[in-house]
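In: show me how the following folds:
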Amino acid sequence: MGMGTSFPHILVAQVLAGTTLTSLRHVDATSLLLAPPISEPKFGYCPTNPAWNPAICKLIKRQLPQDGCLDDSSCPGVQKCCTTESCSPRCEEPTCTIPVAGGKPGLCPKPQKDANGLCWDKCQADSDCVGRLKCCSNGCGHECMLAY
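Out: From the prediction side, this is the model:
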């Protein structure tokens, strides 16, 4: 491999994770080739629960013990590595429901810098909101707001 060989950015980031600026000069083609393989995500989507409030993780200011789930490849069978109702990833059964991104026309208002929004997700997608309202960030959680 010559000096001009390029590597996928994600692979380089995986190798460089945890390195310091002074140790970056020691990363070469050999260390890039010896990097662990990048796992592909499993089929399906992580389940969603609108009642789960991830702000609880901020309130307790620590992550709960990890169940050994780093990515989908560390979960048995068809299970996926998700954070549906947990402050740290855990293996869960997937769903085939595609999460709706965007959806309704218009743009969400930007949260005010000094606003303390409710740390509660009252919606997860525009489809959770009635009429022309969109599911927008309030600075901490999400709620239905009038778009512009």
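
In: quick one: least confident helix or strand in this protein?
Out: Scoring the helices and strands of the chain by mean pLDDT, DSSP states H and E places helix 9-16 at the bottom, with a mean of 41.

In: so how many other residues sit close to residue 69?
Out: Using other Cβ atoms under 10 Å, residue 69 is surrounded by 20 other residues. In this view, the C-beta of every residue, glycine as well, is placed from N, C-alpha and C.

In: tell me where this protein has helices.
Out: With DSSP state H as the criterion, the chain has helices at 9-16, 29-33, 55-60.

In: low-confidence ranges in the protein?
Out: 1-39, 50-51, 53-55, 58-68, 97-102, 113-118 (pLDDT under 70).

In: apply 80 and report the result again.
Out: 1-40, 45, 47-68, 83-88, 96-103, 111-121, 124, 128, 139-141 (pLDDT under 80).

In: all strands for it, in order.
Out: Under the criterion DSSP state E, the chain carries strands at the ranges 80-82, 90-92, 133-137, 142-146.

In: give me the sheet partners of the second one and which way each runs.
Out: Here the strand partners of strand 90-92, with direction, are listed using DSSP bridges: strand 80-82 (antiparallel).

In: rewinding a little: turn the strands of the chain into a markdown table, including distance to residue 43.
Out: Shown next, in a markdown table, are those (distance: least, Cβ to Cβ, whole Å):
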| stretch | distance to residue 43 |
| --- | --- |
| strand 80-82 | 9 |
| strand 90-92 | 14 |
| strand 133-137 | 26 |
| strand 142-146 | 27 |
